[in-house]
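Okay, sequence plus prediction incoming.
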Amino acid sequence: MKRDARGKRPTFYQDPALDQMMSMIMVLAGEVSVLADQLDATHRVLASHGIDAAIEIAALQLDDEALQQREARRQAMLERMFYLVRKEASEAAAKETTEGYIATLDEIAQA
């Protein structure tokens, strides 16, 4: 069961879209930082065993399972990146009621 933080998120900009964008940028920055550290470690381990990573990577042929794993990893990253947008959309949808919908239709009909 996935849990969300409760309460109102702090805002820094007048436009909520800027806060959402900044949140996404920070998630991406975290992803890039982790990947850079992992890549650096991988290159160092390979070099210590006399393996030239650049040559090996250029020659790599991925099978279907590896491609599926990559896609799953990409989807997981997108889930983290768009977490705030999905959460706010869910909160907005939860506030919608049949009564509110009918009231909106009434307002439109009277206009």
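Thanks, I have the structure now.

just to confirm, which helix or strand has Leu84 in it?
helix 83-95 (DSSP states H and E).

helices or strands up against that helix?
helix 16-48 (3 or more C-beta pairs under 8 Å, 6 or more residues apart in numbering; DSSP states H and E). For glycine as for every other residue, the C-beta is placed from the backbone atoms N, C-alpha and C.

So which elements touch the helix it packs on?
Against helix 16-48 (3+ C-beta pairs under 8 Å, 6+ apart) you get helix 53-59, helix 64-81, helix 83-95.

Quick check, central residue of the chain?
The geometric centre of the chain, computed from its C-alpha atoms, lies nearest to Met81 (C-alpha atoms, centre = their mean), at 1.6 Å.

Next, the contact list for the nearest residue to that one once chain neighbours are set aside, please.
In space, and not counting its chain neighbours, Met81 is closest to Val27: 4.7 Å by C-beta to C-beta, 6 or more residues apart in numbering. Shown in contact with Val27 (C-beta atoms under 8 Å, 6 or more residues apart in numbering): Arg80, Met81, Tyr83.

can you do 10 Å?
Contacts for Val27 (C-beta atoms under 10 Å, 6 or more residues apart in numbering) come out as Met77, Leu78, Arg80, Met81, Phe82, Tyr83, Leu84.

shaky segments in the chain?
Counting by pLDDT under 70, the chain contains low-confidence residues at 1-9.

Go through the contacts of Val27 and say which is closest to Ala17.
Leu84 (10.8 Å; C-beta to C-beta).

Tell me how far the closest residue to that closest one other than its chain neighbours lies from Val32.
Among residues not flanking Leu84 along the chain, Ser23 sits closest, at 4.7 Å (C-beta to C-beta, 6+ apart). Going from Ser23 to Val32 by C-beta to C-beta, to the nearest Å gives 15 Å.

between those two, who's got more neighbours?
Neighbours per residue (other C-beta atoms under 10 Å) separate Ser23 from Val32, with Ser23 holding more: 16 against 10.

right, and that one touches Arg86 too?
No - with contact defined as C-beta atoms under 10 Å, Ser23 does not reach Arg86; the gap is 11.6 Å.

so which of the helices and strands packed on helix 16-48 gets nearest Tyr13?
With C-beta to C-beta as the measure, helix 83-95 is the member of the helices and strands packed on helix 16-48 nearest Tyr13 (13.3 Å).
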